[in-house]
Every structure is written in C-alpha cells, then in structure tokens.
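Undergrad: curious how this folds, go ahead:
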Amino acid sequence: MLLSKGLKKGKVFSGNLPGLDKAGMSVYSLIFLRPNGAINAFCNQCTREKTIKMKSYLKHLSVVLLAVLIASCTSSVKKNDVINLLPVRTGQVFRYIDTEGKIIINPQFKEAGLFRNGLALVQVFGSKPMWGFITKEGTFALRARYKEATVFSEEIAWVVPENGAPEAINVKGDSLFTIKAAKSVRIFHNGLAAFSVSADSVSVKWGFVDTKGNVKIAPQFSATGDFSDGKCAVANSAGEWGYIDTEGNVSINYQYTRANGFVDGKAIVQSGKECGVIDEKGKFVINPLFSEMKADSPEYIIKQNNKWGWCDGSGTITIDPQFGEAYPFNGNELAPVKLGNKFGFVDRKGKLIIDAQFDAALPFNGKIAWVVSKGKGGFIDKDAKYIIQPLHDAVSEDLKAYLQTGTSAYESVNTDYFDVDAIVNRLKNDITESTVAGLSYKSPMSLIYRKYKKSEADFIKNASEHKIISAERISNDATLDFFLLGTPWSEAYNGKMGFSYTLKPNYTHTGFSYRFMLTGKGAGNEGQVLRLLETALKGYSKDEKHSNADVTILQSRFQLLVGLKQKGMIIVAVYPLTPENLQMIDLNYGDGTGPDSTTLASDSAAAK
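TA: Here you go, the predicted structure:
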C-alpha cells in the first residue's frame, strides 16, 4: 500500500515515514504529500548535498585549472611569428593598432584576440556579450552570435551557441559537427581535439575527436595535454602522466608527476618535485634538476632556489638563476626579467641591457616590447625608446599568452547545452505500459539480485524503498538513482539476537521510482523534462485534472506515473493502476469534488 487510505487532503502525515534513504525523506512522502515544510526539508537536504558537491567540484576544478596555468613544467613552444596588428585596451574598449601605434581598427570590442589566418576572435558589448570573428578591415566575417568560441586551429574553431553544445565550424562559418556529450573541448592539434565528459560529480574524463567529429580515442584520461609531434601527454586515474600516440596507444609509460608537449623531439616533464627534458623514447636528455622549467627554444628557462635563469639543450646553465621572474627570448636578442619589483631586459649572456624600471613587461614582438609604467602601457624598442607611447591600459590576454607561451588565451570552450533528451530517452527506454526497467510488480527479488548485481546484504530489510542504482551518470548535468518501493521481507523478533527477515511469499512490489539530480545547465530546467515526458511515453495520457506546474501525472491501461519537480531534482514514480493509488492522487493533488474520469477509467480496468 502507499499511505493510509484515511489520509485527508492537505493533512501532513505525522507518523514515522518509512524507508528514509541517505538523502532524507522517502519517495512516498515526496509524491503523496503536498510541497509543504516536510517536503521542503527533503529538498533542503538535497540542496545542501548538491551545494557541498558543487563546492567540491568548483574547488577541484579551480585546482585543476590552477595546476594547468602555473604548472611547474610549462609547455614547449616554437619561435613566435611577429604580430603586426596589436589588440590594446584604453579604458574598457579594445582597438587594433599597428607596430607604429596607428589605429587600424577603431575601438569597439569588449575583448580582442590575435589575427590567425586572416581572422581574429572578438567579443562585443551588450546585455549578452557574444563572440564573433573579424577580418583585418574590422568587418565581421562571422557575426558575433556565439556565447563562447576558440581561435581557429587547423582551419577549425569551436563555437558554443546560447543553450547549445560545442560545435566545430570552418573559416566560412559552416557547421561541421556538434558534440552534444562534451562538457568542454579544446582546439585541434595533429588532427585531434581533446574533449571532456563528466565521470562523476567532481571529475571528468578526457578523450579525442578527429576533424570529422568521430571519437578517435574514447574518454578515459583524468587530464590531458594536446597532441604535438604525434604524441600527447595524458594522466591516468592515479594522476601519473605518460604519452599516447594518435591511435591512443601508450608510447611512453605513465611515470611522471607532470608532462608537456613534444617539440622537435623533446618535452619537459616533472619527476617527483624536479623538472627535466626527455626524448621521444622517454630517456632524459636533461636530468630532473630544476624546480621549474619553461621552453625557450633552443634553450630552457629554469628555476633553482626560487630564482630564474637559463640552460642550454644539454642542461648546462648559461645564465645563472638570479631573477624573480623571467620570460622567453622567443628568438630575439633580449628577454624580460624581474629584479626586485621592477622589470628590465637581459641579453643571452645575462647582461642587463635595459635597466629594471618597468612595473610589467612582455617578450619582444619583433622590434618592440610591451612595458607598463605608472599604470599605463606602451611599446619600446631595444634601446628602451618608446615607439608607441604609454597611453594604453592593457594588451589582450591573447597577446600575452602568445608572447609568453606561444599559445592562445582562447583554446577551449565549455558547453551551454542541457541534454534533456538523455533523461527522457532513459525513461522512454525503461517504461512500458505495464513494466519498469524490464521489471513487473511480481518480479522476484532473485531476478533483481541478478539484474543489478545485488545481494540481500545490499538492502535495508525494514525500509520501504530500496536504492538499486546509485548516482548513475546520465549526462554531464544529470545523475540517476533508481528505487524499488515496498517491503519484500517479513520481520520476526529473535530475542537477544535481534530481528530476522524472510522474503514474503507471493509478494508484489509497491512501485518503482527514478530520482534525477540536476546540476550545471540542468538546474532550472526541471520543468522542461516534465513537459517532454507528457508526450514521450507510448500508451500514456496526461491526467489534466491532477497535473500542475510542479506535478505531471500520466496514466496507461496498467500503470500510474507521477512526476514531481523540485529545484535541482526530478522524481518520477510508477505505480500499478489501482483505485487506492488513484484515491491518493485525488486526495493530494485533486480538488476532491466532481466526477473523476481517471478514477472511472481505473475502476473500469479493474472490473475487467
């Protein structure tokens, strides 16, 4: 039975609620009590659990991102090309200037990237600042209509429409394919792009797709770099790093604390707390002796005793570690370093050529370098003469990333897509007119043991609901708990030994229940799930009288389905169609007056 048939409309059940799971109140109370203080207590508990999980996730995510951004062994890069159109910000607006300071594209952008293959990624102002791509004339080649976007790499960029999934486009803006399952994606390298999917509530798994949208390497890595020279650094579930080839085969075993991309047959890795350089076979060509390393081809920036210097390709120190910070030469004569709290520039012998006088500085871009003094920035030449006067407030993050590491600030995007179909399709596949997940109300417990790989020890015998699926990942933003409802065991007192339990003969289950927990993009879309469910199930029709904005009730010839939405949660319970169950619906969700066509249909079916 559900609850006492004597329960009156609007009355809160005051007895002990059966079958409390770890989340709080039973599914019974969720479905058959009005959303009052009792149900709110359950929902508050769920909210607290989700808040804790979300804080844990955000903490985990921030740690991961921080580790990537300030990893002690940074990526190897090749010599940079000269940037001729420089995105600079004055006030809140970006413009593009040439290397002499002349305005080429007027101030108008909220954010501005570098030109690559004739296009630059920019963000416009507005209530919903969107991203698009402009030409060197300042006109939009691809209008600003994306919530997020990456730069083009190998003639493909990733874009995210509002409420959409990551989509690959070509330079004409044509859609190539979409990855609905992706939580995030990164730009293409060596014909492969890394993408992530949710593994559980706090972690993700990474895999790779090719330029046709085919999953070339299934998500299985806890972290990953990008492919270069046919190899990619990846981390296993234990956090150990190794390398795979473009087929996903391990080419260098998992053994490093951190590993970075190959360039010209060499890669920086971290072993324990120290960094070194390996060849393509994993052999050290520079032993791990430095606390941090950054590539500055053909040399390396190194850190020892909390000071920065340089070594050559064999590990021999060429400039003694003596600087608070150091950025690459990038093939130029001078490199920016920090002495005390000011920046200057040294030559390849470590001699200070431009005195330490600036608050900030970037590596040379051809013949000029960005410097900041007294809050304003401009560009100087190698004699410290201003070529472009210090009138600007900043250069773009994309220019910084390119000059410092040879990368872009816009190499990844996150999905804006909630996969409601994943939830609805799960229910469509599970629920027929008379069964749930392949089970009937008479399915023996022995069948459930086999189907869900359970034993008696997995169940609380005196409970009235039993979780048989826990936190199954349905999509990036949804997990599923699945419950069996009822009390299949008889309880007998054994004196001092406590209670013993035996399965009831000819037992029938009370019902089944799904609980979907929604996070991320799913939160706030609970109603969308219920609306789609109204017409998704074959053989079911909506009970208009008892349904409302928060409750959807469906009926087939044999079953009654109750869908309930709360913040961050959806409950879908399925019961046999009986007069008692319909009475409970009428008491808790109907007005209790007038003819009830649903009840009449039930009585008619029962009479047969």
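
Undergrad: my read: residue 513 touches residue 573, true?
TA: Yes: under the criterion of Cβ atoms under 8 Å, residue 513 lies in contact with residue 573, with a separation of 4.2 Å. Bear in mind the C-beta positions are built from the backbone N, C-alpha and C, glycine included.

Undergrad: neighbours around residue 567, how many?
TA: Using other Cβ atoms under 10 Å, residue 567 has 13 neighbouring residues.

Undergrad: pretty sure residue 514 contacts residue 481?
TA: Yes: contact criterion Cβ under 8 Å: residue 514 and residue 481 qualify, at 7.5 Å.

Undergrad: of these two, which one has the most company?
TA: When residue 514 and residue 481 are compared on other Cβ under 10 Å, the one with more neighbours turns out to be residue 514, at 24 against 20.

Undergrad: show me where the stretch 401-550 of the chain has strands.
TA: Taking DSSP state E, counting those that start in this stretch to define them, one finds strands in the stretch 401-550 of the chain at 412-414, 465-475, 478-485, 489-493, 499-503, 511-518, 541-542.

Undergrad: need those strands in JSON lines with distance to residue 425 and mean pLDDT, can you?
TA: What follows is these, written out as JSON lines (distance: least, Cβ to Cβ, whole Å; pLDDT from 0 to 100):
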{"stretch": "strand 412-414", "distance to residue 425": "23", "mean pLDDT": "98"}
{"stretch": "strand 465-475", "distance to residue 425": "9", "mean pLDDT": "95"}
{"stretch": "strand 478-485", "distance to residue 425": "12", "mean pLDDT": "97"}
{"stretch": "strand 489-493", "distance to residue 425": "34", "mean pLDDT": "90"}
{"stretch": "strand 499-503", "distance to residue 425": "34", "mean pLDDT": "89"}
{"stretch": "strand 511-518", "distance to residue 425": "13", "mean pLDDT": "97"}
{"stretch": "strand 541-542", "distance to residue 425": "19", "mean pLDDT": "96"}
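
Undergrad: of all the ones you listed, which one is nearest residue 549?
TA: Proximity to residue 549, assessed across the strands of the stretch 401-550 of the chain by Cβ to Cβ, is greatest for strand 541-542 (13.4 Å).

Undergrad: can I get the strands of the stretch 401-550 of the chain in CSV with distance to residue 340?
TA: Conversion of these to CSV gives the following (distance: least, Cβ to Cβ, whole Å):
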stretch, distance to residue 340
strand 412-414, 36
strand 465-475, 52
strand 478-485, 52
strand 489-493, 75
strand 499-503, 75
strand 511-518, 52
strand 541-542, 73
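
Undergrad: of those, flag the one that's most buried.
TA: Here the criterion is mean neighbour count by mean count of other Cβ atoms under 10 Å, and of these the winner is strand 511-518, at a mean of 24.

Undergrad: buried set for stretch 81-95?
TA: By neighbour count on 16 or more other Cβ atoms under 10 Å, the buried set for stretch 81-95 is 83, 85-89, 94-95.

Undergrad: so which residues lie in contact with that stretch, not counting its own?
TA: Judged by Cβ atoms under 8 Å, 6 or more residues apart in numbering, the contacts made with stretch 81-95 from elsewhere in the structure are 96-99, 103-115, 120, 122, 136, 365-366, 377, 379, 391-396, 398-399, 402.

Undergrad: now, which of these lie within strands?
TA: 96-97, 103-109, 111-115, 120, 122, 377, 379, 391-392, 394-395 (DSSP state E).

Undergrad: whichever of those end up buried, select them in PyMOL.
TA: Listed next is the PyMOL selection for buried residues among these, using 16+ other Cβ under 10 Å:
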select buried, resi 96+97+105+109+111+112+113+114+115+120+122+377+379+392+394+395
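
Undergrad: excluding its backbone neighbours, what's nearest residue 132?
TA: Once its chain neighbours are removed from consideration, residue 132 has its nearest residue in residue 144; the separation is 3.3 Å (Cβ to Cβ, 6 or more residues apart in numbering).

Undergrad: what stretches of the stretch 1-150 of the chain score poorly on pLDDT?
TA: 1-79 (pLDDT under 70).

Undergrad: one more time with 90
TA: For the stretch 1-150 of the chain, applying pLDDT under 90 flags the ranges 1-81, 117.

Undergrad: which helices and strands does the helix or strand harbouring the residue nearest to residue 132 pack with?
TA: Element membership for residue 144, per DSSP states H and E: strand 140-146. With contacts defined as 3 or more Cβ pairs under 8 Å, 6 or more residues apart in numbering; DSSP states H and E, the secondary structure elements packing on strand 140-146 are strand 119-123, strand 131-134.

Undergrad: can we see that at 7 Å?
TA: In this structure, strand 140-146 makes packing contacts with strand 131-134, judged by 3 or more Cβ pairs under 7 Å, 6 or more residues apart in numbering; DSSP states H and E.

Undergrad: partners of the strand it packs on, with directions?
TA: Within its sheet, and counting by DSSP bridges, strand 131-134 is paired with strand 119-123 (antiparallel), strand 140-146 (antiparallel).

Undergrad: in the stretch 301-450 of the chain, which spans are helices?
TA: In the stretch 301-450 of the chain, helices defined by DSSP state H, counting those that start in this stretch lie at 397-405, 420-430, 445-452, listed in chain order.

Undergrad: quick one: contacts for the residue nearest in space to the middle of the chain?
TA: With the centre of the chain defined as its mean C-alpha position, the nearest residue by Cα atoms, centre = their mean is residue 183, 4.2 Å away. Neighbour list for residue 183: 196-198, 204, 414-415, 476 [criterion: Cβ atoms under 7 Å, 6 or more residues apart in numbering].

Undergrad: then residue 487?
TA: Taking Cβ under 7 Å, 6+ apart as the definition of contact, the neighbours of residue 487 are residue 464.

Undergrad: mind pulling up the pLDDT for it?
TA: At residue 487, the predicted lDDT confidence score is 95.

Undergrad: and residue 520, by the same measure?
TA: In this model, residue 520 carries a pLDDT of 89.

Undergrad: what is the burial count for it?
TA: Using other Cβ under 10 Å, residue 520 is surrounded by 17 other residues.

Undergrad: same check, this time on residue 160
TA: Using other Cβ under 10 Å, residue 160 is surrounded by 24 other residues.

Undergrad: distance check, residue 574 against residue 316.
TA: 72 Å (Cβ to Cβ, to the nearest Å).

Undergrad: more crowded one of these two?
TA: More neighbours sit around residue 574 than around the other of residue 574 and residue 316, counting by other Cβ under 10 Å; the figures are 24 against 10.

Undergrad: isn't residue 517 right up against residue 567?
TA: No: the pair residue 517 / residue 567 is not scored as a contact, 10.9 Å apart, by Cβ atoms under 7 Å.

Undergrad: quick one, what contacts the residue lying closest to residue 531 once chain neighbours are set aside?
TA: Spatially, and ignoring its direct neighbours in sequence, residue 531 is nearest to residue 552 (7.9 Å; Cβ to Cβ, 6+ apart). Counting by Cβ under 7 Å, 6+ apart, residue 552 makes contact with 530, 533-534, 563.
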